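Engineer: Predicted model and sequence below, questions to follow.
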Amino acid sequence: MSQFLEEVYSLLIPFAGGKLMLPRLSVAEVMGYVRPRPVRGGPAWLLGFINWQGQEIPLVSFEGMCGRKIPERANRTRIAVTFTINEQLEPPVFAIMTQGYPYLVRVNPVVLSVETDQDFPADAPVLNRVRMANERPVIPDLEAIEEKLLEALPQRRKAESES
């Protein structure tokens, strides 16, 4: 009797203090760092807007959203353009500043377990910290990030279509 093993290709994305783990299909593109256009009066974690495929999209600091110090740009800094879950932002993507090159991993139940030590504030956009081999990546809450962006940028809310 053969056993079916589900695997999810995921990206481990370096941030200051650890790595984020996102399904590969949730990341539209990883690109080099570009200086964002600042947002006046926005929260510190909202670094500004960048141009992506001819559209202005918000760039966020995951560290800042978790109440931590926002890291300075470095030589290895990259930007991960990520799809939203609820598609309420217009356009339905946002960018996360990374602290290194994301890399692809295969994740399955054999190599993954939930960590009991959750060292993030209750309002941090984190679903869970997991253990995977020698790594302890964080699974970000993309819905919570989208909601925080909608609160900070209400003009970016997708217009409701009238039926």
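Structural biologist: Arrived safely.

Engineer: Which residues are in contact with the residue nearest the centre of the chain?
Structural biologist: The centre of the chain sits closest to residue 96, judged by CA atoms, centre = their mean, with a distance of 5.2 Å. When contacts are counted by CB atoms under 8 Å, 6 or more residues apart in numbering, residue 96 is found next to 13, 15, 20, 59, 60, 61, 62, 79, 80, 82. Yep, even glycine has a C-beta here, placed from its N, CA and C like the rest.

Engineer: Now do the contacts for residue 82.
Structural biologist: Listed by CB under 8 Å, 6+ apart, the contact set of residue 82 reads 22, 26, 27, 28, 93, 94, 95, 96, 142.

Engineer: Put together TSV for these, with pLDDT and secondary structure on each row.
Structural biologist: Shown next, in TSV, are the contacts of residue 82 (pLDDT from 0 to 100; DSSP: H, G, I helix; E, B strand; the rest coil):
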residue	pLDDT	secondary structure
22	95	strand
26	96	helix
27	97	strand
28	97	strand
93	97	strand
94	97	strand
95	98	strand
96	98	strand
142	95	helix
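
Engineer: which one of those is nearest residue 157?
Structural biologist: Among the contacts of residue 82, residue 94 lies closest to residue 157 (CB to CB), at 13.2 Å.

Engineer: The closest one against residue 146, yeah?
Structural biologist: Yes. Using CB atoms under 8 Å, residue 94 is in contact with residue 146, at 7.2 Å.

Engineer: Neighbour count: those two, which is higher?
Structural biologist: Just comparing residue 94 and residue 146: by other CB atoms under 10 Å the higher neighbour count belongs to residue 94, 25 against 21.

Engineer: what's the helix or strand for residue 64?
Structural biologist: For residue 64, the host element (DSSP states H and E) is helix 62-65.

Engineer: can you check residue 151 too?
Structural biologist: Taking DSSP H and E as the definition, residue 151 sits inside helix 142-152.

Engineer: elements contacting that helix?
Structural biologist: Contacts defined by 3 or more CB pairs under 8 Å, 6 or more residues apart in numbering; DSSP states H and E place helix 142-152 against strand 55-60, strand 93-98.
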